[in-house]
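Q: take a look and give me a structure for this.
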Amino acid sequence: MISNRDVYEWGLLGILLLLGILFTLIAGQMAIRLVPSWQAEADMGSNIDPDATYASQPVGAEIYSSVRQEILTPPAWQSIYWTPTPYGQEPVILPSPTAPLPTPTATTTATVTSTPANTPTSTGTPTATPTATATPYIPPPPTVTPYTPPPSTATPTATPTATSTATNTPTPTPPPGSITIVKDSLPDHPQDFAFGGSLGAFTLDDDADPTLPNSALFTNLVAGNYTVTEAALAGWDLTGLVCLDPDNGSSVNLGTRTAVIDLDPGEAITCTFTNTQRGTIVIVKNTSGDDATFGFSGSLGNFNLTTVGATASQTFANQTPGAYTVTEAAASGWTLTGLVCADPDGGSSVNLATRTAAIDLDPGETVTCTFTNANRGAIVIIKNTVGGNSTFSFTGGLGSFNLATVGGTASTTFANQLAGTYAVTESALANWTLTGLACTDPDGGTSVNLSSRTATIDLDGGETVACTFLNSANPYPNVEIGPGDYDWSTIPDGGSLVLGLTTPIRPHGNSGWDLVYYERAAGSGILMDFVTIEISVDGSPGSWITIFAYGGGLYWNSLIAPCPQADNTDIPAACPSVTLIGGTGVGIDVDAIVASGSYYYIRITSPVGGAGDGCDVDAIEVYP
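A: Residues are numbered from 1 along each chain as shown. Model prediction:
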């Protein structure tokens, strides 16, 4: 049973529904009427493309009259402006804002119709209120000049989507590339070099032998990255690695001996591996004389060489090419007499003064440098005498020096002398005769000449050469009267000659001669003049003692008495009772006249009464 309350509630609900519908309709109408005006610029992407046809039609023609204007796609080159019109009218399509709008002309026609109402007719004509019917204004289609935009590279805001059927064209295959690996060895050498990496394992060398090439060409390679690595090799250094890449995309690493190759389509890349061979330096030590140890320093470090059998050497292999210096230290008693380097290209040099070899080692070279040392030696000069002591002078390669004998001997040593030839000559000394000259030389290279009193000494390294000069005091010291032997001075008749003697005249107590008087030589003997000879201890007056006389009836103290006794007598050496000493000397014995004493003065007199031509005296010789 439905109560009154139920009826009331359902009725209220219906009223509310109706009011809601009514308000909804009113709100919609108000929304439409209250929008003042609006415009939109659009480029609609419809499937309908009237551009071509539209562009060729007169302005205002309705080509698509059956199509609603709201969904038509205007030409892509024209901007569209919509302006709302009174409700119930179609919108007006205006031209581009750049085109002037047409001025519309409105005509209003009003019709007044008076229709009497169902009322009694009156006598007057009533005034009727007209009813005006207004026709909405529809402007005529504007005259629109099609808009031609300037050329532009800009992409239109929207491009109509076209449905097309595409044919797939195969992508062309990129052209292949190539890689060339070149081997350059310094110097050219038959040594083989191994390579590995992306191109596989291969071997190259750099010589004239065609067994292995010095380059490898890899063709038909696809673009990409490739690596090539050279294996390390003892005695060789990789000193250069360069890749010629058109776009410089490749790189190298000298430390790892690797080329990283960036091969682009169609590229040709060449990579060159340059290897330098190491060299060898040999240092040779030669000695002249003894064996010894020598120190060296320089680029090869410090080292010693000890000669055995006068030679030694050391080899420094596996040396990188470049400049090296080797210097020999000075050694006491040794002289660097030779330094030479054997260098194939002659690039090395030496300096004997600084004892240094400057070595220019090229790839693969062997340079040998020889240092030759001579041991310094010693020369000993010995002076021996017989019959007394004296001072003797020497000259020559050792300079000038004197030796004074004591007890019949003296000596001097010249140590630390360079190997070589030395001449030593003893000067002549009155009353001394060089009776012996001999040298002791280990290798016998020294020679002597007694006549010139010279020793020619050949001193080798480490040698000691001793030379002995033996002198004897003359048994008959000469006092030269004239310029020399067998020369004379003339003492006129009545004249005298007094001489001081360094070796005194002494009686010997024997039967031998104590004094010899040398006359002028003539023929086979002498031409004897009258002469008187006296001696004195000090040469004072009254101290003179006559020891010999010839002529004037005095023929004593001489064996010449039995021979002819006239002045200027030729006494031959073959005279039976005469012994002429040395062919021209007359011996005199003073023992029969004086018993003892040392007589340092002698007086020779030419007596008056002879031939008047004086006395020719050559020399006086004293027998010590």
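Q: how is the protein divided into domains?
A: 38-96, 177-277, 279-375, 378-473, 478-622 (automatic domain parsing).
Q: mean neighbour count added to the ones you listed, as CSV?
A: Every C-beta, even on glycine, is put in place using the N, C-alpha and C of the backbone. Shown next, in CSV, are those (neighbours: other Cβ atoms under 10 Å):
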stretch, mean neighbour count
domain 38-96, 13
domain 177-277, 16
domain 279-375, 17
domain 378-473, 17
domain 478-622, 17
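Q: any chance of the ones you listed in a markdown table, plus distance to Ile15 and mean pLDDT?
A: Below are those laid out as a markdown table (distance: least, Cβ to Cβ, whole Å; pLDDT from 0 to 100):
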| stretch | distance to Ile15 | mean pLDDT |
| --- | --- | --- |
| domain 38-96 | 29 | 49 |
| domain 177-277 | 85 | 96 |
| domain 279-375 | 115 | 95 |
| domain 378-473 | 150 | 92 |
| domain 478-622 | 189 | 78 |
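Q: so which of those domains gets nearest Asp6?
A: Across the domains of the chain, the minimum distance to Asp6, taken as Cβ to Cβ, is reached by domain 38-96, at 43.3 Å.
Q: Asp262 against Cys243, yeah?
A: No: checked against Cβ atoms under 8 Å, the pair Asp262 and Cys243 is beyond contact range at 9.2 Å.
Q: common neighbours of the two, please.
A: Ser250, Ser251 (Cβ atoms under 8 Å, 6 or more residues apart in numbering).
Q: same list (the domains of the chain) but as JSON lines, adding distance to Ile26.
A: Below are those laid out as JSON lines (distance: least, Cβ to Cβ, whole Å):
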{"stretch": "domain 38-96", "distance to Ile26": "14"}
{"stretch": "domain 177-277", "distance to Ile26": "76"}
{"stretch": "domain 279-375", "distance to Ile26": "107"}
{"stretch": "domain 378-473", "distance to Ile26": "142"}
{"stretch": "domain 478-622", "distance to Ile26": "180"}
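Q: between these, which one is nearest to Leu12?
A: Leu12 lies closest, by Cβ to Cβ, to one member of those: domain 38-96, at 34.5 Å.
Q: where do the strands sit along the stretch 101-250 of the chain?
A: Taking DSSP state E, counting those that start in this stretch as the criterion, the stretch 101-250 of the chain carries its strands at 177-186, 189-197, 202-206, 215-221, 224-230, 236-244.
Q: can I get those in CSV with distance to Ser489?
A: Shown next, in CSV, are the strands of the stretch 101-250 of the chain (distance: least, Cβ to Cβ, whole Å):
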stretch, distance to Ser489
strand 177-186, 92
strand 189-197, 94
strand 202-206, 98
strand 215-221, 107
strand 224-230, 105
strand 236-244, 95
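Q: can you tell me how far Thr311 sits from Phe392?
A: For Thr311, the distance to Phe392 equals 43 Å [Cβ to Cβ, to the nearest Å].
Q: again with Leu418
A: Distance of Leu418 to Phe392, given as Cβ to Cβ: 26 Å.
Q: also Arg5?
A: On the measure of Cβ to Cβ, Arg5 and Phe392 end up 180 Å apart.
Q: doesn't Gly20 lie inside a helix?
A: Yes: applying DSSP: H, G, I helix; E, B strand; the rest coil, one finds Gly20 inside a helix.
Q: what does the pLDDT read for it?
A: With respect to pLDDT, Gly20 scores 84.
Q: for the helix or strand where Ile382 lies, which strands pair with it and how are they oriented?
A: Taking DSSP states H and E as the definition, Ile382 sits inside strand 377-386. Sheet partners assigned to strand 377-386 using DSSP bridges are listed as strand 409-417 (antiparallel), strand 464-473 (parallel).
Q: wait, which of those is closest to Gly436?
A: That would be strand 464-473 among the strands paired with strand 377-386, by Cβ to Cβ, at 3.3 Å.
Q: other residues contacting the closest one?
A: With contact meaning Cβ under 8 Å, 6+ apart, strand 464-473 is reached by 377-388, 390, 392, 424, 426, 429, 431-442, 446, 448, 453, 455, 457-459, 624.
Q: 6 Å - rerun?
A: 378-388, 426, 432-441, 446, 455, 457, 459 (Cβ atoms under 6 Å, 6 or more residues apart in numbering).
Q: and what of stretch 346-354?
A: By Cβ under 6 Å, 6+ apart, the list of residues contacting stretch 346-354 reads Leu339, Cys341, Ala357, Ala358, Ile359, Asp360, Val367.
Q: repeat the analysis, applying 10 Å as the threshold.
A: 281, 323-328, 336-343, 356-362, 365, 367-371 (Cβ atoms under 10 Å, 6 or more residues apart in numbering).
Q: how far does that stretch sit from the chain's center?
A: Here stretch 346-354 is found 14 Å from its chain centre; the criterion is Cα atoms, centre = their mean, to the nearest Å.
Q: repeat for stretch 335-343
A: Relative to its parent chain, stretch 335-343 has a centroid offset of 20 Å by Cα atoms, centre = their mean.
Q: could I get that stretch in CSV with only the CA atoms?
A: Output of stretch 335-343 as CSV, limited to C-alpha atoms (Å, rounded to 0.1, in the frame of the first residue of the first chain):
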residue,chain,number,x,y,z
THR,A,335,153.3,6.7,-21.3
LEU,A,336,150.4,6.4,-23.7
THR,A,337,152.3,6.3,-27.0
GLY,A,338,149.5,5.2,-29.3
LEU,A,339,145.7,5.5,-29.5
VAL,A,340,143.8,4.5,-32.6
CYS,A,341,140.2,3.5,-33.4
ALA,A,342,139.1,1.2,-36.2
ASP,A,343,135.7,2.6,-37.3
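Q: show me what Thr203 is bridged to.
A: Ala194.
Q: pull the contacting residues for it.
A: Residues near Thr203 by Cβ under 10 Å, 6+ apart: Lys183, Asp192, Phe193, Ala194, Phe195, Leu212, Pro213, Ala216, Ala231.
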